[in-house]
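Peer 1: Need the 3D shape of this:
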Amino acid sequence: AVWTDTETDQLLIYLFNNRDKVGDTSNFKDMTYNGAAEAIAVYLQHGPQKTGAMCKTKWGSLKQTYNAIQKYCQLSGVHWDNVTGANIQGEAATSVWNEYISKKVCYVLY
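Peer 2: Just a heads-up that it's a prediction; the model follows:
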């Protein structure tokens, strides 16, 4: 599914506001994702309306990206900020980045 920034922002706001509904597995229940889909429906600009399953998948993807960034930030001598990302410049930084992503083929950082 194609997600706009507004839809993603509203999904995060909804889940944050419903964080007390996290289940025993440290994840939201399907009912919460279904509620999120209803809440973000008004922000749909194109494509099909998001479903609870789509919201669950998007949340998983966002968590995976966040965790990859956090792990990257723990490496020595690296940089990350929310404006420029890793801002990789120079051979040394490129080498560290390439080594990191070679081990994280399932992560898509953008």
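
Peer 1: Could you list the low-confidence segments of the protein?
Peer 2: Along the chain, the model assigns pLDDT under 70 to residues 104-110.

Peer 1: For it, list the residue farthest from the centre, please.
Peer 2: Glu91 (28.3 Å; CA atoms, centre = their mean).

Peer 1: Would you mind listing the buried residues in the lengthiest helix in the chain?
Peer 2: Scanning the chain for the helix with the most residues, using DSSP state H, yields helix 52-73. Of all the residues in helix 52-73, those buried under the rule 16 or more other CB atoms under 10 Å are Gly52, Met54, Cys55, Lys56, Lys58, Trp59, Ala68, Tyr72. (Each C-beta comes from the backbone N, C-alpha and C, glycine too.)

Peer 1: go on, stretch 14-34?
Peer 2: For stretch 14-34, burial by neighbour count (16+ other CB under 10 Å) applies to Tyr14, Leu15, Asn18, Phe28, Lys29, Thr32, Tyr33, Asn34.

Peer 1: Same question for stretch 86-100.
Peer 2: Ala86, Val96, Trp97, Tyr100.

Peer 1: any idea how far the last one lies from Gly77?
Peer 2: When you say that, I think you mean Tyr100. Note on Tyr100: its distance to Gly77, by CB to CB, to the nearest Å, is 12 Å.

Peer 1: Can you list phi and psi of Ser26 for me?
Peer 2: Per-residue torsions, Ser26: phi 60, psi 30 (degrees, to the nearest 10).

Peer 1: now swap in Val22 and tell me
Peer 2: Torsion angles, degrees, to the nearest 10, at Val22: phi -70, psi 130.

Peer 1: Touching, it and Phe28? I think so.
Peer 2: Yes - if you go by CB atoms under 8 Å, Val22 and Phe28 touch, sitting 5.9 Å apart.

Peer 1: show me where the chain has strands.
Peer 2: With DSSP state E as the definition, the chain shows no strands.
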